[in-house]
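Asks: Just need the structure, nothing else, for what follows:
(one chain, ligands or ions: 1)
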Amino acid sequence: MAAALTPAARKRPAPDKAGSPADAGKKKKRARHQQFENIDDYEMLEEIGEGIFGVVAKARDHRTGATVAVKWIRGGEFDQDGAPNLAAVVREASFLATCRGHPGIVQIKNVAKGEETRDLYIVMELAGPSLRSRLERQQPFSEDETRDAMRQLLQAVEKLHATGTIHGDINPDNILVGADGALKICGFGCATPAGDVAGKTFLERLLEGARTQHQEKLDGTTMQYRSPEQLIWSQWYGPEGDMYALGCVMAELLTGEPLFTATTEDDMMDQTLDLWDELASMGVEAFDDVIDHLSLAGREILAGLLSYYSCERLTAAEALKHRWFTEETKPPAAVKPESPGFVPLFTERSIGGDK
Ligand SMILES: Nc1ncnc2c1ncn2[C@@H]1O[C@H](COP(=O)(O)OP(=O)(O)OP(=O)(O)O)[C@@H](O)[C@H]1O
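Replies: Next comes the predicted model:
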């Protein structure tokens with residue numbers, strides 16, 4: 001069994017000692033907290049996540065008393081004009097808005113702009129904790145739990161892809177787990193429109209030069225969940241990259257450990273090629289050593305998602321029609337559409353500046 005499928009010796013975070021890097025991080029977060037409290041309508045309760053484009057915090061909406069999640073992107077952090085921020089936020093908010101109402105995608109409530117600071121805020125429903133923290137705290141998922149989780153994720157990704165959106169950064173940090181086990185995909189900072197690449201094979205994309213837009217954001221994606229084509233030909237990746245990431249997530253649900261543990265792009269490529277080699281030579285038996293509690297049908301899904309060639313990879317719609325989902329003995333939980341509870345987007349209003 002090659003390294004790619006060996007359960008990872010995942011490194012736990014170092015103990016939080018005074019003066020350690022973790023402590024320095026906390027001080028940084030506290031400083032942000034003080035500034036965040038200056039926002040008129042939202043009282044910051046605690047920071048819950050951080051991406052390259054902003055901080056996500058649990059916050060209380062003073063007007064309604066509701067607890068929400070606010071992604072705060074500081075104005076001008078990436079450009080003196082602040083223009084790239086605005087474009088990125090509008091794009092991220094638009095992707096979320098397009099999918100609103102789907103239970104598997106975190107609901108956007110509002111977008112706001114601080115007139116003085118030019119900070120931008122995406123207000124969302126609060127969900128979570130993240131699947132990453134669930135996996136770190138509890139046992140790996142059983143096959144039934146994995147099937148339920150994968151069904152929800154595939155339905156959400158089917159919706160995303162149907163709207164022409166590539167998420168681009170699906171990983172356990174960007175999957176939130178509700179108290180009832182309901183999963184929601186968040187973290188749309190690297191999302192991109194399928195645009196020119198939609199409906200084309202990978203080869204057609206290469207020949208026609210049809211590139212995925214905004215590929216500059218690939219650096220922000222989580223390397224251990226990148227598909228082979230994202231690793232090699234990053235400008236031509238399509239929605240299939242999300243399917244590969246879902247394969248990585250599925251393996252992690254079953255083992256409790258990340259499928260790939262590479263820390264450099266070269267290592268990641270080596271591990272990706274090892275997996276390709278194993279799947280090519282052993283087929284679904286490639287998973288025997290690490291996933292002993294998965295039926296043949298489940299292994300077919302896993303192998304179909306982790307196919308090296310993007311054109312052979314299962315789409316979300318195809319995966320959902322597979323017998324692993326359709327022939328299970330237990331009836332699937334009904335998925336009810338959610339009321340978006342939506343406040344119109346881009347109602348620009350001042351939410352206070354630095355006072
Ligand atoms: N609505 C939410 N409720 C609870 N937690 C959230 C919510 N949205 C995001 N998070 C948490 O905050 C983290 C960072 O979110 P963010 O949207 O910044 O991620 P990202 O898109 O991966 O980063 P970036 O936008 O910088 O690329 C997520 O990984 C998630 O764990």
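
Asks: hey, let's count contacts and neighbours off CA atoms from now on
Replies: Fine.

Asks: need the helix or strand of the chain with the lowest average pLDDT.
Replies: Every helix and strand in the chain was compared by mean pLDDT, DSSP states H and E; the lowest is helix 21-36, with a mean of 43.

Asks: Next secondary structure after that helix?
Replies: Downstream of helix 21-36, the next assigned helix or strand under DSSP states H and E is strand 42-51.

Asks: Can you spell out which helices and strands pack onto that next one?
Replies: Contacts defined by 3 or more Cα pairs under 8 Å, 6 or more residues apart in numbering; DSSP states H and E place strand 42-51 against helix 21-36, strand 54-61.

Asks: Pretty sure residue 127 sits against residue 107.
Replies: No: shown here, residue 127 and residue 107 do not form a contact pair, counting by Cα atoms under 8 Å, at 9.3 Å.

Asks: just the helices in this structure please.
Replies: If you assign secondary structure with DSSP state H, the helices in the chain sit at 21-36, 83-98, 131-137, 143-162, 202-208, 228-232, 240-255, 265-282, 296-305, 316-320, 323-326.

Asks: Could you check how many residues crowd around the residue lying closest to residue 139 once chain neighbours are set aside?
Replies: For residue 139, the nearest residue in space outside its immediate sequence neighbours is residue 256; the separation is 6.9 Å by Cα to Cα, 6 or more residues apart in numbering. Residue 256: 22 surrounding residues under other Cα atoms under 10 Å.

Asks: Output the below-cut-off pLDDT ranges for the protein.
Replies: The chain contains residues with pLDDT under 70 at 1-40, 52-53, 75-85, 115, 195-220, 233-236, 289, 329-355.

Asks: if you set the cut-off to 50 instead, what comes out?
Replies: Across the chain, the stretches falling below the confidence threshold (pLDDT under 50) are 1-34, 38, 82-83, 213-217, 337, 339-355.

Asks: Return the residues of it in contact with the ligand.
Replies: Where the chain comes near the ligand, counting by Cα under 6 Å from any ligand atom, the residues are 48-56, 69, 106, 124-128, 130, 173-174, 186-190, 220.

Asks: Quick check on those: which are buried?
Replies: When the residues of the chain next to the ligand are checked for burial by 16 or more other Cα atoms under 10 Å, the buried set is 48-49, 53-56, 69, 106, 124-128, 130, 173-174, 186-190.

Asks: Okay, residue 159 and residue 316: tell me how far apart.
Replies: Shown here: residue 159 relative to residue 316, a distance of 9 Å by Cα to Cα, to the nearest Å.

Asks: Neighbour count: these two, which is higher?
Replies: Set side by side, residue 159 and residue 316 show unequal neighbour counts under other Cα under 10 Å, the larger going to residue 316 at 25 against 19.

Asks: The more buried one against residue 152, yeah?
Replies: No: at 10.6 Å, residue 316 and residue 152 do not qualify as touching, with contact defined as Cα under 8 Å.

Asks: So for stretch 41-48, what gets flagged as buried?
Replies: Taking 16+ other Cα under 10 Å as the basis for neighbour counts, the residues of stretch 41-48 that come out buried are 41-45, 47-48.

Asks: Please apply the same query to stretch 316-323.
Replies: Neighbour counts over stretch 316-323 (16+ other Cα under 10 Å) mark 316, 319-320 as buried.
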